[in-house]
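1. structural data only, the sequence is not supplied:
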Ligand SMILES: Nc1ncnc2c1ncn2[C@@H]1O[C@H](COP(=O)(O)OP(=O)(O)OP(=O)(O)O)[C@@H](O)[C@H]1O
């Protein structure tokens, strides 16, 4: 948990100051039974009012100092723990932003959310507790022990028997309950995952009448969370009464021995009262330590889960210096050189020995059956993943030559599922390039054949789009998404099935405008629609992760049976006339 060092260094001084106030507070608590003994033995027993006043006032002063220290410590502990949690959440957010796709796949969305919220809160609660009570308890406990031994060494033997028993039960508590708290957090992840799944697919679930089925899945996860929490809490709460019982037995033993001592004239009543008080303070301290261990095991489990994310390395390496040796001067576009790749959980390679090139300003069409690896090509270009074998060159350099930011600045993608955010249409387009001015936005919308429909919206470019673009049709969303990609002025534009929801006429319109828009922009169009790719300089036909055929539209009509069949099928459908 080395990542916590940063926060320790940042807040160490304030933390230690809070502990100093806490120590004064503990000291004030410890003095009180001693004053009380003096009041009883020197004041009440001897009817000495002056002694009662003197020790009474001293006791009040010490209590007041303790109260001021407690207030200051409260202010500091609140401040430090909140700032610490804020920093931790912020850093975790930044770390998640920088995690490679393999890292995101590894954790999953649900657990990342829980780690950022619930786990951070647990660590914060523990840090706050440390400054409020957890450190005070051992101080008061040890102080009580010292004062008690000082007051009556013989009676202290009782403490020596009780204390190890209590320490033993606290250690057992920690050892037994720790694994359960880790499991509780994992179960919470599961509950979150079911909820996320439901919300993501809410429309489909309702249409298919599968709400009950989904509810059962949720119920199962929820039940597991409740069961595990119950077990973990039971274990924790079984130890509390055990500690309580042991200390109370100790108190009774002290009262019994004390009574015998008073009868024999070897002890004074005030000392017995003070001794019992110290014993109670020790009891309280040990109970707090026991609770603190409960909080500690939870916080430790949470801190480890946060640490797993914080310590996850970046798979991406920025190797500009190393890779200058690999420069390819023969191409200024995009080159896939014998690329083979599999996802972590796939046995067979998803791409095998894929080899193609497109020059700057050219258009590459990619087609092929479902799951043939078309979108995976895009994932590799954007470096969400790196190839297992082979090299991808962009503008003459292997991809790792560029920093991720630099690379992605030069590329724009229109994904299969357009993602719009709540805000105006204009804001959604400008999201692609915050420096884009009004004219650039309109120009991009015109190329994407979106200008016309946007102007017909109630407030034109200022019309509001709901989260996810709920108030727009699929085709409208796709066109705004294309405009957003264009305002980036990318060197490479990737359209991944980006016009699947627009009609053939609009599709043709967009393609012809794209050609005029930028002559030097390289373009990759992935599509099952032959019309969308037929004008490309080169088309590759993917099959089972391999390039089955490549060439121009005319060449493929003779060389690729798959391409020819798809072409004929789309012509026969009538709706997709190949022009
Ligand atoms: N993140 C992932 N993890 C594991 N396997 C994946 C992942 N993404 C895709 N795959 C698998 O890789 C294979 C190729 O998927 P890909 O999305 O590249 O196909 P595609 O040709 O684009 O398909 P489609 O036309 O349906 O979009 C599929 O078998 C798919 O299950």
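-> Nice, I can see it. Not measured: the values here are computed from a predicted model.
2. so, low pLDDT: which residues of the chain?
-> Within the chain, the ranges that satisfy pLDDT under 70 run 314-330, 467-470, 572-579.
3. what residues does it put near the ligand?
-> By the rule C-beta under 6 Å from any ligand atom, the part of the chain lying against the ligand is 105, 343, 345-346, 350, 368, 370-376. The C-beta positions use only the backbone N, C-alpha and C, and glycine is treated the same way.
4. need these in JSON lines (columns: neighbour count).
-> Compiled in JSON lines, the residues of the chain next to the ligand are given as follows (neighbours: other C-beta atoms under 10 Å):
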{"residue": "105", "neighbour count": "14"}
{"residue": "343", "neighbour count": "14"}
{"residue": "345", "neighbour count": "6"}
{"residue": "346", "neighbour count": "11"}
{"residue": "350", "neighbour count": "22"}
{"residue": "368", "neighbour count": "24"}
{"residue": "370", "neighbour count": "6"}
{"residue": "371", "neighbour count": "12"}
{"residue": "372", "neighbour count": "22"}
{"residue": "373", "neighbour count": "23"}
{"residue": "374", "neighbour count": "24"}
{"residue": "375", "neighbour count": "17"}
{"residue": "376", "neighbour count": "23"}
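5. of those residues, which pair is most distant in space?
-> Between all members of the residues of the chain next to the ligand, the longest pairwise span (C-beta to C-beta) is found for 105 and 368 and amounts to 23.5 Å.
6. how much space between residue 535 and the ligand?
-> According to C-beta to the nearest ligand atom, to the nearest Å, residue 535 stands 21 Å off from the ligand.
7. and that residue, how far is that from residue 561?
-> In this structure, residue 535 and residue 561 are 22 Å apart, going by C-beta to C-beta, to the nearest Å.
8. next up, the contacts around the residue of the stretch 101-250 of the chain found nearest the ligand.
-> The minimum distance from the stretch 101-250 of the chain to the ligand, using C-beta to the nearest ligand atom, falls at residue 105 (5.9 Å). Residue 105 makes contact with 343, 344 under the criterion C-beta atoms under 8 Å, 6 or more residues apart in numbering.
9. excluding chain neighbours, what is closest to the spatially most central residue of the chain?
-> The centre of the chain sits closest to residue 112, judged by C-alpha atoms, centre = their mean, with a distance of 3.2 Å. Counting by C-beta to C-beta, 6 or more residues apart in numbering, the nearest residue to residue 112 once its immediate chain neighbours are dropped is residue 96, at 5.8 Å.
10. what's the answer for residue 111, then?
-> Once its chain neighbours are removed from consideration, residue 111 has its nearest residue in residue 189; the separation is 4.2 Å (C-beta to C-beta, 6+ apart).
11. the one you found: helix or strand, and which one exactly?
-> Here residue 189, judged by DSSP states H and E, is contained in helix 156-200.
12. what's that helix packed up against?
-> Using 3 or more C-beta pairs under 8 Å, 6 or more residues apart in numbering; DSSP states H and E, the elements in contact with helix 156-200 are helix 109-114, helix 136-151, helix 211-264, helix 269-310.
13. isn't residue 280 up against residue 251?
-> Yes: when contacts are counted by C-beta atoms under 8 Å, residue 280 is listed as touching residue 251 (7.0 Å).
14. the more surrounded of residue 535 and residue 561?
-> More neighbours sit around residue 535 than around the other of residue 535 and residue 561, counting by other C-beta atoms under 10 Å; the figures are 17 against 12.
15. mind checking the SS state of that one?
-> coil (DSSP: H, G, I helix; E, B strand; the rest coil).
16. tally of neighbours for residue 471?
-> Here the number of neighbours of residue 471 (other C-beta under 10 Å) works out to 14.
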